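In: okay, here's the prediction I keep looking at, along with the sequence it came from:
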Amino acid sequence: MESLATAPERVENTDVPLLEMRNITKRFPGVVANDDVSFDLRRGEVHTLLGENGAGKSTLMKILFGLYQPDEGQILLRGNPVEITSPTNAIGMRIGMVHQHFMLVPTLSVAENVALGLKPGWRPSTNLGAVSSRIVEISERYGLAVDPSIEVWKLSVGERQRVEIIKALYRDAELLVLDEPTAVLTPQEVDDLFVILRQMTANGRGLVFISHKLHEVIELSDRITVLRNGRVTGHTVPADADRHQLAQMMVGREVVLAPDKASVEPGDVRLSLRDVKVIGDRGTMAVNGVDLDVRAGEIVGIAGVSGNGQRELAETIAGLRPARRGSVVEIDGVDVTAANSATTRAAGLAYVPEERMKDGAIGEFDVKENLLLINHDDSRFLRSGLFRSERMAEHCHRLVDAFSVKTPSLETPTKSLSGGNIQKLILARELDSSPTVLLAAQPTRGVDIGAAEYIHSQLLAQRADGVAILMISEDLDEILALADRIAVMYEGKVVSVLDRPSATREGLGLAMAGATVGEADSFVADSPIADSPVHDSDGPDSDGPESAVADSEVTDAS
Amino acid sequence: MRDLFTLSVLVSTVAAGIRLATPYLLAALGETIGQRSGVLNLGVDGVMLLSAFGSYYVVLRTENLWYGFLAGAVIGLLMGVVYGVITVVFEAEQGISGIGIFLFGLGFSDLLFEELVGTPTPLKVRLEEVAIPGLGSIPYVGDAIFQHNPLTYLAFALVPIVTLVLFKTTFGMNVRAVGENPQAADSLGVSVAGVRFIAILIGNTMAGLAGMALSLGLGIFQPNLTQGLGFIAVALVYFGAWRSRGVMVGALLYGIVASLVLQLKTRGIIPLEASDLGAMAPAVLTIVALVVLARRIEAPAALARPFSRH
């Protein structure tokens, strides 16, 4: 174990911050991504950059990694002014980056991925054997178990992340940026990751942590800098801030982290899945025998690490992917197993797909066209087969107002809206048909807090109206805040179904990692993780166990 | 019909098949390297035509095959520079840029031929078959496999070499990386533009060799000598699932079927009126094989996608 004492060149520099970014400004056409941002990092600490999508965190880090050049400002590394002109340059200065979207080549082996970009000198090939043995060394030292010879596409998400960290450690990065590293991990994998990260700071490395998961930020950070609209809006330390304060600093106003849930008595079964089996894109059984009922006025949350069959299940319910013989999907008593999407919609399904720009909306189409995607052939919009544009416009104005979609006009190309507004647009279109079943996949992924708040309130309103809602989400906080019952998917099966009161983050995390129902249930007795509303609610239903738990329990849970 | 199955006919069919396969193989191996780096080049046929004419014209004037060889390779290389500038530097859409290169090559080679030569004149020297010492005298096998011109040997020698380069060298690893996930390669300091540019240069130079193999092998040039051969070569890359051995199998299949059809025609088994239909056979066979064997899932993930950081 190296320590500061045995590394003299570090001792003499300990007073100088590892990194100082001074008054960085970066403009893109029409937007100032970073406006006079200053940020610093000391050795041995975790400094968190907190902010919503578009707040400027990624731009700042891309500047640090040499992918963008700042328009104004200065970067000092170990006290010396530097210009970082390219990733190669950054790596040479011992800056490492674990990108949010893994920067791995799936068809190459772990060793090849690590070796990419290394200069082999005069030799025509990199010595992969030597690379592999160093990988083994690093992985043993930091507990990053991974086989160097395996191809990356065969690895789990957690393992891929370890490869990313190994890539940085292999290049002896002293300064490591982690861009939303926990987004795709189970709670246990997050715990493992944090152990590794703490070991890295103990070795004198400095970490920049980017996340919007507030309890993780509080758990891991030494210091927190908040960005909003490209500007630094605050500094704090975990001891002085709770989740609500952090959320407010991010958004700049009062935030409801967990909406109030009215008590609704569930009604009849509206969506019924029996032994649903689906073949995935790789030809394997992506969904392998799922049984699930969703009743009117109930939100069933499907939790799980992505890639465990959730997407295929959603597509099958929506009539976009055929199920194997023997599967049964019923909407409101109507068998729609073999139906196409038009028939499932006619049976009462509304569908908010996981990839909103791929399956939910057409980016090049304008707002009006996207709002009318599913009902432009409705007779009220047609006269002799031609569109009645004034009626369409009227209809769209009503939807845009009702769902507060912020758009300059109905003719604005949809792709120029923010993620949150696109999601609201899709929700407006889908809920306008008064569905009996709502299937919402990752409803707030990549959406700003304000829009997420709004979408959650809409889901709860639909629940109060007696809609049966199946919500698929990787975000455990979202599941815990909204769901009445929680089903965990693992390798194509529902491995555990829990009522919300008996669900814990730990128990769900274990089930997501493939633990059997019994093992997961043994964690039920642990403290229930809850999300308390920020503002005092006036309804009588808010005094459940969810709202009674103080915020500190979240931080103490680890 | 019976004399079709004599040994000597079989030997000459296989020999001609291997000879016919040569330009396909050279062009397709080059295109394999390009596509592995994520660059689709539909202009192969145009590059082949320019090199075919260039090497033909140089040999016609100098009667020196080495100068012709040089001309064919250099023209391929230069077209590679042009295509690299278009697709890598200016990040142009590759499908349409390739079609542009093809049309340029088709028209310009035709123009140069009409201006500089006029009527098809056979070369006094052309690529001669060379028997490989020892192996060439093996009965039948020697005649079929070891009696070819040097470019044929080169083409088949390049099959294992391309595999070696792609899978055992740093350059090959970089090529595969920028073809699958250029962002990842970029984040580790691999120059995506540089790797792709070099891959394009190699691919186009090999397309140049392929054109030269055609004109110097036949000892003649005429407008549109390739007749779409370069497009088949692109298809063979898909057929071979981006592996040089698969590409070789495809090129051989194409060459041998073509030579078989030739035999059937000369022996009158296919009526002369239907000979154009017979000429379609290799193409039809390739399309059928492509449909049946298509393993699109193995295509480089970033194929035909220009790379840009923003």
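Out: Right, received. Where do you want to start? Residues are numbered from 1 along each chain as shown, chains lettered A, B, ... in the order given.
In: what parts of the stretch 151-300 of chain B come near chain A?
Out: B:168-171, B:173-174, B:176-177, B:180-181, B:183-190 (C-beta under 8 Å from any C-beta of the partner chain). Glycine gets a C-beta too; all of them are placed from N, C-alpha and C.
In: list buried residues within those residues.
Out: B:169-171, B:173-174, B:176-177, B:180-181, B:183-190 (16 or more other C-beta atoms under 10 Å in any protein chain shown).
In: so which of those residues belong to strands?
Out: With DSSP state E as the criterion, strands contain none of these.
In: phi first, then psi, for the most centrally placed residue in chain A.
Out: Central residue of chain A (C-alpha atoms, centre = their mean): residue A:183, 4.7 Å from the mean position. Phi and psi for residue A:183, reported as degrees, to the nearest 10, are phi -50, psi -30.
In: that one contacts residue A:99, doesn't it?
Out: No: counting by C-beta atoms under 8 Å, residue A:183 does not reach residue A:99; the two are 11.2 Å apart.
In: give me the common contacts of the two.
Out: Residues within reach of residue A:183 and of residue A:99 at once, by C-beta atoms under 8 Å, 6 or more residues apart in numbering or on different chains: there are none.
In: what sits closest to the closest residue to chain B within the stretch 101-250 of chain A if chain neighbours are left out?
Out: Nearest residue of the stretch 101-250 of chain A to chain B: residue A:117, at 3.2 Å (C-beta to the nearest C-beta). Leaving out its chain neighbours, the residue that sits closest to residue A:117 by C-beta to C-beta, 6 or more residues apart in numbering or on different chains is residue B:188, at 3.2 Å.
In: ditto for residue A:218
Out: With C-beta to C-beta, 6+ apart, the residue lying closest to residue A:218 is residue A:238, at 4.6 Å.
In: which pLDDT value goes with that neighbour?
Out: With respect to pLDDT, residue A:238 scores 91.
In: surely it and residue A:224 touch.
Out: Yes: counting by C-beta under 8 Å, residue A:238 touches residue A:224, with 6.9 Å between them.
In: hang on, the earlier thing: from the buried ones among the residues of the stretch 151-300 of chain B next to chain A, which ones fall inside helices?
Out: B:170-171, B:173-174, B:176-177, B:180, B:183-187 (DSSP state H).
In: assign the most centrally placed residue in chain B to helix, strand or coil.
Out: Closest to where the C-alpha atoms of chain B average out (C-alpha atoms, centre = their mean) is residue B:27, at 1.9 Å. With DSSP: H, G, I helix; E, B strand; the rest coil as the basis, the three-state label of residue B:27 is helix.
In: and the nearest residue to residue A:371 once chain neighbours are set aside, how many neighbours?
Out: Closest residue to residue A:371 apart from its sequence neighbours, by C-beta to C-beta, 6+ apart: residue A:396 at 4.8 Å. Neighbours of residue A:396 under the rule other C-beta atoms under 10 Å in any protein chain shown: 23.
In: buried set for the helix or strand containing residue A:396?
Out: Using DSSP states H and E, the element containing residue A:396 is helix A:389-402. Buried positions in helix A:389-402, judged by neighbour count with 16+ other C-beta under 10 Å: A:392, A:395-396, A:399-400.
In: check stretch A:427-434 too.
Out: So, applying 16+ other C-beta under 10 Å, buried residues of stretch A:427-434: A:427-432.
In: same question for stretch A:110-130.
Out: Those would be A:110-118, A:125-126, A:128, for stretch A:110-130 by 16+ other C-beta under 10 Å.
In: ditto for stretch A:495-509
Out: Under 16+ other C-beta under 10 Å, the buried positions of stretch A:495-509 are A:495-498, A:500, A:503-509.
In: can you check stretch A:406-424 too?
Out: A:407, A:410, A:414, A:417-424.
In: tell me which of the residues you listed fall in strands.
Out: Per DSSP E, these never map to strands.
In: pLDDT and distance to residue B:157 for those residues - can I get that in a markdown table?
Out: Below are the buried residues of stretch A:406-424 laid out as a markdown table (pLDDT from 0 to 100; distance: C-beta to C-beta, whole Å):
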| residue | pLDDT | distance to residue B:157 |
| --- | --- | --- |
| A:407 | 89 | 62 |
| A:410 | 93 | 64 |
| A:414 | 92 | 54 |
| A:417 | 87 | 57 |
| A:418 | 84 | 57 |
| A:419 | 85 | 54 |
| A:420 | 87 | 59 |
| A:421 | 91 | 60 |
| A:422 | 93 | 55 |
| A:423 | 93 | 57 |
| A:424 | 94 | 62 |
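In: so which helix or strand takes in the closest residue to residue A:321 other than its chain neighbours?
Out: Distances taken as C-beta to C-beta, 6+ apart place residue A:315 nearest to residue A:321, at 3.8 Å, with adjacent residues excluded. Per DSSP H and E: residue A:315 is located in helix A:310-317.
In: for that helix, name the packing helices and strands.
Out: The contact analysis (3 or more C-beta pairs under 8 Å, 6 or more residues apart in numbering or on different chains; DSSP states H and E) places helix A:310-317 against strand A:269-279, strand A:285-295, strand A:349-352, strand A:437-441, strand A:468-472.
In: TSV for those strands, including mean neighbour count and mean pLDDT?
Out: Below are these laid out as TSV (neighbours: other C-beta atoms under 10 Å in any protein chain shown; pLDDT from 0 to 100):
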stretch	mean neighbour count	mean pLDDT
strand A:269-279	20	95
strand A:285-295	20	95
strand A:349-352	26	96
strand A:437-441	26	96
strand A:468-472	27	97
